[in-house]
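Colleague: after the sequence you'll find the predicted model.
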Amino acid sequence: GVATRSIFSKCSFERLVAKQCVLGSAIFSECRFRDVRTDFLKCYRAAFLRCKLEGLISGVNFGLLQEPHPTDAKYPKKIYDENMGLLQGVPYSLDTREAILGDVGFIGEELISKVLFRPGQCLIYRAKDLQRRMKTMFSSTTDRGLQSALLPPTRPNQELQLVALDRAGASERVAEILNLCEEAGIEVLQAPLCSE
């Protein structure tokens, strides 16, 4: 349960380079992360509660997707359910407004309504059959800047997708992205779904 998980409260993590996470299913409450670089660290089981990201944050996937555990099939579901309960008790999970999000992922839908971002930093895509629609848009171009902003969701039934635009200059191409999405029947939200 939550009592057996590592809990970091009001901690500051600065200029951190991580190759592998050994913290397991840590809970970070009101923590600050500044200039964190990893090799696309899978934080699937970590809970972030009112945490702030600053500076360059690169190579981190904050998604809450359940991931199979080799020794206990019930473990991911239990942690996932705990994380969802913890998130319900906070106005936001991550405040990214002071960060540059390089190769940052929010795989799944769970965190989308709990991420604060500034205009031009991220976009939220919404549509039925979103995965198929976004795969079609992604495949229709070889432009890396556009592709970085048009990453399709991993789940076929997902109706929301949060994408960071700081990669490959996509933040300067919002108008172009909006036009592509309009043609594909995808609604684009340019403001977060949560507030402080």
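Modeller: Cool, got the structure. In this text the structure is predicted, and so the values were computed from the model without any measurement.

Colleague: where does this structure dip in pLDDT?
Modeller: For the chain, applying pLDDT under 70 flags the ranges 1, 3, 20-24, 40-42, 44, 66-75, 168.

Colleague: for Leu116, see how far away Pro91 is.
Modeller: Distance from Pro91 to Leu116, counting by CB to CB, to the nearest Å: 9 Å. All C-beta spots, glycine's among them, are computed from the backbone N, C-alpha and C.

Colleague: with Gly102 instead?
Modeller: 18 Å.

Colleague: got it, and Asp143?
Modeller: 29 Å.

Colleague: who has more neighbours, those two?
Modeller: Ranked by neighbour count (other CB atoms under 10 Å), Asp143 and Leu116 place Leu116 first, with 22 against 14.

Colleague: which residues in the protein form helices?
Modeller: Counting by DSSP state H, the chain has helices at residues 74-88, 130-139, 144-149, 174-184.

Colleague: deepest of those, which one?
Modeller: Of the helices of the chain, the one with the most neighbours on average (mean count of other CB atoms under 10 Å) is helix 144-149, at a mean of 19.

Colleague: in CSV, list the helices of the chain along with distance to Arg97.
Modeller: Formatted as CSV, the helices of the chain follow (distance: least, CB to CB, whole Å):
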stretch, distance to Arg97
helix 74-88, 19
helix 130-139, 25
helix 144-149, 18
helix 174-184, 17
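
Colleague: and Leu150, how far is that from Glu30?
Modeller: According to CB to CB, Leu150 and Glu30 sit 33 Å apart.

Colleague: between those two, which is the more surrounded one?
Modeller: A direct count of neighbours by other CB under 10 Å for Leu150 and Glu30 places Leu150 higher, at 27 against 14.

Colleague: so who does the more buried one touch?
Modeller: Met134, Met137, Phe138, Thr141, Val163, Ile177, Leu180 (CB atoms under 8 Å, 6 or more residues apart in numbering).

Colleague: which one of the residues you listed is nearest to Gln121?
Modeller: For the contacts of Leu150, the minimum distance to Gln121 (CB to CB) is 10.2 Å, reached by Val163.

Colleague: identify the bridge partners of the closest one.
Modeller: Leu123 (DSSP bridges).
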